[in-house]
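A.B. asks: With the input below, show me the fold.
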Amino acid sequence: MGRSRKTVDFLVSLNRYRDVLFKALGVPVLGTVLKRVMDARGTVFIHIPVGESLEVGGGTALPVEIAEHFIREACHHVILEYCPCRKVKGCKEHNVNTGCIFIGAGAREIDPRVGRHVSAEDALGHLRAAAASGLVPVVGKVKFDADYLGVKDHRRLMTVCNCCACCCLAGGVRQAPRDVRDLVVRLEGVEVSVESACVGCGTCVGACIFNQVEVVEGRAVIGEECKGCGRCAAACPNNAITVRVENPDYTSRCVELIGAYVDTG
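C.D. replies: Sure, this is the predicted structure:
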């Protein structure tokens with residue numbers, strides 16, 4: 001069995017130092033050691049855009065079906081009792097108790113006092129409710145999750161986060177060097193564009209947790225490291241930013257990419 005609730009709560013509390021850790025990844029020698037400890041080469045996260053601002057081509061599956069695919073295929077499912085990021089940050093915008101979903105054989109090791117062991121259907125319901133409340137699903141694998149939960153084999157544990165713009169751990173990634181920032185991968189086939197309705201109000205700038213939007217000569221400009229999460233589009237008061245997915249193969253390509261990092265069977 002994994003770590004106790006008390007131990008997990010303590011380790012989660014260290015999340016308040018996330019910016020310091022991400023900055024340390026850019027320090028010579030120290031950064032190299034930290035990347036090895038966190039298994040940077042074996043880490044990947046992909047934001048799954050959802051919401052009314054998302055446009056998909058005819059016959060193309062919604063991106064959230066990527067997360068649903070892994071949940072359906074997984075042999076075990078656990079819903080964490082709370083979101084570590086929102087708990088530490090004291091989130092006022094979203095429910096702290098809408099926790100992450102952990103799937104795969106490794107999830108069996110999670111202490112039931114830390115997370116509820118549930119069916120695939122329960123996990124799917126949790127995912128859909130989180131997305132409906134405005135949270136952005138993030139799918140991937142990171143060794144740190146296995147470490148603080150006490151799961152021995154991190155290669156058999158997948159994380160499905162439900163992230164908010166104000167508290168998400170990914171917000172600290174912008175403090176890290178480029179190679180670490182690139183561990184958060186843009187969903188293939190996603191296009192983010194600024195339309196003529198943009199008035200340069202700057203609302204989207206504050207909505208982007210990756211610092212990839214700026215206003216230039218009265219118009220929003222999307223940066224090259226945009227992760228395609230769609231937060232800017234959802235925040236725009238003039239509906240001037242669109243997020244489109246038109247490549248019908250993006251789902252299978254994304255499943256293949258993430259599947260190469262973690263085994264959920």
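A.B. asks: Just the pLDDT at the residue of the chain positioned farthest from its centre, thanks.
C.D. replies: Each residue of the chain has a distance to the centre, and by CA atoms, centre = their mean the biggest one is for residue 217: 31.6 Å. On pLDDT, residue 217 comes in at 94.
A.B. asks: Please name the residues that touch it.
C.D. replies: residue 200 (CB atoms under 8 Å, 6 or more residues apart in numbering). C-betas here are computed from N, CA, C, even on glycine.
A.B. asks: now the spatially closest residue to residue 101 that is not a sequence neighbour, what's its secondary structure?
C.D. replies: Sequence neighbours aside, residue 160 is the residue nearest to residue 101 in space, at 4.1 Å (criterion: CB to CB, 6 or more residues apart in numbering). Three-state assignment for residue 160 (DSSP: H, G, I helix; E, B strand; the rest coil): strand.
A.B. asks: Could you give the bridge partners of residue 160?
C.D. replies: residue 101, residue 139 (DSSP bridges).
A.B. asks: Okay, it and residue 202: tell me how far apart.
C.D. replies: Separation of residue 160 from residue 202 (CB to CB, to the nearest Å): 32 Å.
A.B. asks: between the two, which one's more packed in?
C.D. replies: Taking neighbours as other CB atoms under 10 Å, residue 160 and residue 202 compare with residue 160 leading, 25 against 12.
A.B. asks: so what's the more buried one up against?
C.D. replies: Counting by CB under 8 Å, 6+ apart, residue 160 has contacts 67, 70, 71, 100, 101, 102, 103, 123, 127, 137, 138, 139.
A.B. asks: Next: residue 44.
C.D. replies: Neighbours of residue 44 in contact, by CB under 8 Å, 6+ apart: 140, 141, 183, 185, 257, 258, 261.
A.B. asks: for this protein, what are the low-confidence residue spans?
C.D. replies: 51-62 (pLDDT under 70).
A.B. asks: Show the backbone phi and psi for residue 242.
C.D. replies: Backbone torsions of residue 242, given as degrees, to the nearest 10, read phi -120, psi 150.
A.B. asks: Near it, how many other residues are there?
C.D. replies: 17.
A.B. asks: Who does it form a beta bridge with?
C.D. replies: residue 193.
A.B. asks: so it makes contact with residue 190?
C.D. replies: No: contact criterion CB atoms under 8 Å: residue 242 and residue 190 do not qualify, at 10.8 Å.
A.B. asks: The contacts of residue 44 in strands, which ones?
C.D. replies: In strands, defined here by DSSP state E, the members of these are 140, 141, 185.
A.B. asks: which residues are in contact with the particular helix or strand that has residue 220 in it?
C.D. replies: According to DSSP states H and E, residue 220 maps onto strand 219-222. By CB under 8 Å, 6+ apart, the residues outside strand 219-222 that reach it are 192-194, 198, 200, 202, 204-205, 212-215, 232, 240-241.
A.B. asks: Tell me which strands it pairs with, and in which orientation.
C.D. replies: Using DSSP bridges, the strands paired with strand 219-222 are strand 213-216 (antiparallel).
A.B. asks: of all the contacts of residue 160, which comes closest to residue 77?
C.D. replies: Nearest to residue 77 among the contacts of residue 160 is residue 123, at 4.2 Å by CB to CB.
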